[in-house]
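Visitor: Please find the sequence and the predicted model below.
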2 protein chains.
Amino acid sequence: MVRCDHEAQHAIAAERARANMPKEEEVERVAASFKAISEPSRLKILFALRHGEMCVGHIVEAVGSTQSAVSHQLRILKSYGVVSARRDGQNIAYSLADEHVVAVLELACAHLKCRL
Amino acid sequence: MVRCDHEAQHAIAAERARANMPKEEEVERVAASFKAISEPSRLKILFALRHGEMCVGHIVEAVGSTQSAVSHQLRILKSYGVVSARRDGQNIAYSLADEHVVAVLELACAHLKCRL
DNA sequence: TCAATATATGAATAAGTGTTCATATGATAC
DNA sequence: GTATCATATGAACACTTATTCATATATTGA
């Protein structure tokens, strides 16, 4: 039992919040999606892919990291469904999985008042 | 110099990506914002606050964690500007900082096809 | 088949971070 | 001022994770 000066209003909100809290499993799924794009190294890759499909070598050039590091991060991004890959001869071309990813990025930048 | 079967298209994208890559500092700022909401414990707090302002005790009830853990996470959320706090007598009432936060959450859930 | 190129991956190390426990701060009521 | 309640915070520990290095896999061309 919690007592606070706004017990009346807060208690209602708290009760509703508890009743509508998504399952642990679902919370973790959403959190994982954000985690996928919460690392500077991964975010740079996503920023790069906004300009179009690219193979790994070009991504490495665009973000200025190493081949190994980029490859590791691409695997993570792919496993979270944020990017998709297709083989193209000797190369593998990566692109953003869908428009939701772009929308989230742009919304975040709007919030932070930084231009993309 | 990278060679790939779509050199023509990819090289243009890569060049544009490199030219438009936000500063390291800016990338880190965006990444930090996502990191703020990429932890299940913090995400639950945000889900709870969607139902209205609440003081810490009520948040603890809503998310089912400990007072200390919630307080630590609230500090992080606040430092990233995701929630705002106001003292209210003996309590401190927290609420979502702005509508961008809500929008990002809803967009992510749309992407994941989970209802909020 | 062999060499060369592109990409992936396993292991190891280093850095970051969430929770817990104990304690401190700050506000209210007496 | 003192006791009590709400919240914050520091330290320690466990856990996760990003990068590096070395190496493996897979595709292409000769």
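Guide: Ah, there it is.
Visitor: nearest residue to the spatially most central residue of chain A other than its sequence neighbours?
Guide: By CA atoms, centre = their mean, the mean C-alpha position of chain A lies nearest to A:I37, the distance being 3.2 Å. Among residues not flanking A:I37 along the chain, B:F34 sits closest, at 5.2 Å (CB to CB, 6 or more residues apart in numbering or on different chains). Every residue, glycine included, has its C-beta placed from N, CA and C.
Visitor: Find me the pLDDT at the closest residue to A:C55 other than its chain neighbours, would you?
Guide: Setting aside the residues directly before and after it, A:C55 is nearest to A:N91 in space (CB to CB, 6+ apart), at 3.8 Å. Looking at A:N91, its pLDDT stands at 95.
Visitor: separation between A:N91 and DNA strand C?
Guide: The spacing between A:N91 and DNA strand C, counted by CB to the nearest atom of the strand, to the nearest Å, is 3 Å.
Visitor: so that residue makes contact with A:I59?
Guide: No: A:N91 sits out of contact with A:I59 when judged by CB atoms under 8 Å, with a separation of 10.8 Å.
Visitor: what about the two, which has more around it?
Guide: Between A:N91 and A:I59, counting by other CB atoms under 10 Å in any protein chain shown, A:I59 is the more crowded of the two (27 against 20).
Visitor: about what we covered before: who does the residue nearest to A:C55 bridge with?
Guide: When bridges are called by DSSP bridges, A:N91 pairs up with A:D88.
Visitor: Return the residues of chain A in contact with DNA strand C.
Guide: A:55-57, A:67-68, A:71-72, A:74-75, A:85, A:90-92 (CB under 7 Å from any atom of the strand).
Visitor: Tell me which of those fall in strands.
Guide: The strands, defined by DSSP state E, take in A:C55, A:A85, A:N91, A:I92 from the residues of chain A next to DNA strand C.
Visitor: nearest to A:E24, of the residues you listed?
Guide: Distance to A:E24 across those (CB to CB) is lowest for A:A85, with 30.4 Å.
Visitor: tally of neighbours for that closest one?
Guide: The local packing of A:A85 (other CB under 10 Å) involves 17 other residues.
Visitor: hang on, the earlier thing: checking the residue nearest to A:I37 next. Helix, strand or coil?
Guide: The three-state label given to B:F34 by DSSP: H, G, I helix; E, B strand; the rest coil is helix.
Visitor: Quick one: neighbours of it, just the number.
Guide: 23.
Visitor: domains of chain A?
Guide: When chain A is parsed with automatic domain parsing, its domains come out as A:1-35, A:37-112.
Visitor: mean confidence score for the shortest one?
Guide: Mean pLDDT, domain A:1-35: 81.
Visitor: Stretch A:59-73 now?
Guide: For stretch A:59-73, the per-residue pLDDT averages 97.
Visitor: Buried residues, it. List them.
Guide: By 16 or more other CB atoms under 10 Å in any protein chain shown, the buried positions in stretch A:59-73 come out as A:I59, A:V60, A:E61, A:A62, A:V63, A:S65, A:V70, A:Q73.
Visitor: residues in contact with the fourth one?
Guide: It refers to A:A62. Contacts for A:A62 (CB atoms under 8 Å, 6 or more residues apart in numbering or on different chains) come out as A:K44, A:A48, A:M54, B:A14, B:A17, B:R18, B:M21.
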